[in-house]
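>>> let's see this in three dimensions:
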Amino acid sequence: MTGRRYPTRTAASRRPGRGRRAVHRRKGGQGKDAAGLLAATALVSVFVPQARQWLELHGSGIVVVAASVLVAGVLVLLFVKAVRRGFTSWAGRRRRPEGWDIRALDGLHHTEFEEAVRDLMHRDGARDAVRVGGAGDNGADVKGTDPAGRRWVLQCKHRRDGVAGAAVGSPDLHVLNGTGRPVHGGDVVVLVTNGRFTRPAREFARSQQLHLVDRAVLSEWAGGTAPLWDLLPHLPAPRRSRRRNAHNDQPPHGRY
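The predicted model follows:
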């Protein structure tokens, strides 16, 4: 006699209530997602056209405001840069009268080197010292009058590598010799360098009564040891005494 067979009970059949609740939860979640999507679509459809219309009405104004802000920012940056540069230049000028180390002169631009020479002349009493270097300077970079009334004409040759750089040769002195006295009216014609001179340059300067300031002399001058007119030999007599002698040598009126 065969026994009775009972149907096999599955998990769903054993817990029918739990299966139905899971189905209902899934259906409820899908409904909420659909409702959120519809709400988002409604918001986009409402606000996007309004935003587009606002941009169409005020877009040119936004561009103008953005451009103005950009220009103002650039101007502020340029102003700050100019102030910093001016302060640096002012601070450098405040340091120059006391004296400069030769290594500081090596790091200058050639135009700054000319300005340093001008300031050293001014420091030592040449109150009218000016920098004239540039295009069409006719061989002169700095001019000034010393306390004795002598007119100084200086040409500057800067070497970033100092004595290791190229030596200043006689061709530069040829130009200075041709313009220093006849064009600029110099009593003392000088070539200044933070480097060195070639032997032909020294020989030519000696023959033409030109004065050379090499690195050693420049270091002593810039350091404040003495004014340049006390460091160079064989300077012409002060202009005032020459005028006085010339006046005394003039014959009386009516006599030749």
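
>>> in the protein, which spans are helices?
11-14, 16-95, 102-106, 110-123, 170-179, 199-207, 215-222, 228-231, 239-249 (DSSP state H).

>>> lowest average pLDDT across those?
Comparing mean pLDDT across these, the lowest value falls on helix 11-14: a mean of 46.

>>> look up how far residue 194 lies from residue 237.
The gap separating residue 237 from residue 194 is 30 Å, by C-beta to C-beta, to the nearest Å. For glycine as for every other residue, the C-beta is placed from the backbone atoms N, C-alpha and C.

>>> which ones are touching the residue nearest to residue 191 when sequence neighbours are not counted?
Nearest residue to residue 191, sequence neighbours excluded (C-beta to C-beta, 6 or more residues apart in numbering): residue 155, at 5.0 Å. Listed by C-beta atoms under 8 Å, 6 or more residues apart in numbering, the contact set of residue 155 reads 139-141, 172, 175-176, 180, 190-192.

>>> then residue 178?
residue 139.

>>> and for residue 157?
168, 172, 191-193, 195.

>>> I'd like to know which of those residues are buried.
Buried members of the contacts of residue 157, scored by 16 or more other C-beta atoms under 10 Å, are 168, 172, 191-193, 195.

>>> could I get those as CSV with distance to residue 149?
CSV is the format used below for these (distance: C-beta to C-beta, whole Å):
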residue, distance to residue 149
168, 29
172, 27
191, 22
192, 21
193, 26
195, 31
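
>>> out of those residues, which is nearest to residue 185?
Nearest to residue 185 among those: residue 191, at 17.3 Å, using C-beta to C-beta.

>>> that closest one reaches residue 212, doesn't it?
Yes. Counting by C-beta atoms under 8 Å, residue 212 is a contact partner of residue 191 at 5.7 Å.

>>> shared neighbours, those two?
197, 205.

>>> in strands, which of the contacts of residue 157 appear?
191-193 (DSSP state E).

>>> which of those lies closest to residue 204?
residue 191 (10.5 Å).

>>> OK, contacts around that closest one?
Residue 191 neighbours (C-beta under 8 Å, 6+ apart): 154-157, 168, 172-173, 176, 197, 205, 210-213.

>>> any chance of the residues you listed in a markdown table, plus distance to residue 49?
Below are the contacts of residue 191 laid out as a markdown table (distance: C-beta to C-beta, whole Å):
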| residue | distance to residue 49 |
| --- | --- |
| 154 | 77 |
| 155 | 76 |
| 156 | 72 |
| 157 | 74 |
| 168 | 78 |
| 172 | 77 |
| 173 | 82 |
| 176 | 79 |
| 197 | 82 |
| 205 | 86 |
| 210 | 85 |
| 211 | 85 |
| 212 | 84 |
| 213 | 80 |
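
>>> what's the closest of those to residue 231?
Nearest member of the contacts of residue 191 to residue 231, counting by C-beta to C-beta, is residue 213, at 8.1 Å.

>>> give me the neighbour count for the closest one.
By the criterion of other C-beta atoms under 10 Å, residue 213 has 24 neighbours.

>>> residues of stretch 190-206 that come out buried?
190-198, 201-202, 204-205.

>>> out of those residues, who's nearest residue 78?
The closest of the buried residues of stretch 190-206, once distances to residue 78 are taken by C-beta to C-beta, is residue 194, at 32.7 Å.

>>> verify the stated contact: that closest one with residue 159.
Yes. The pair residue 194 / residue 159 is scored as a contact, 5.7 Å apart, by C-beta under 8 Å.
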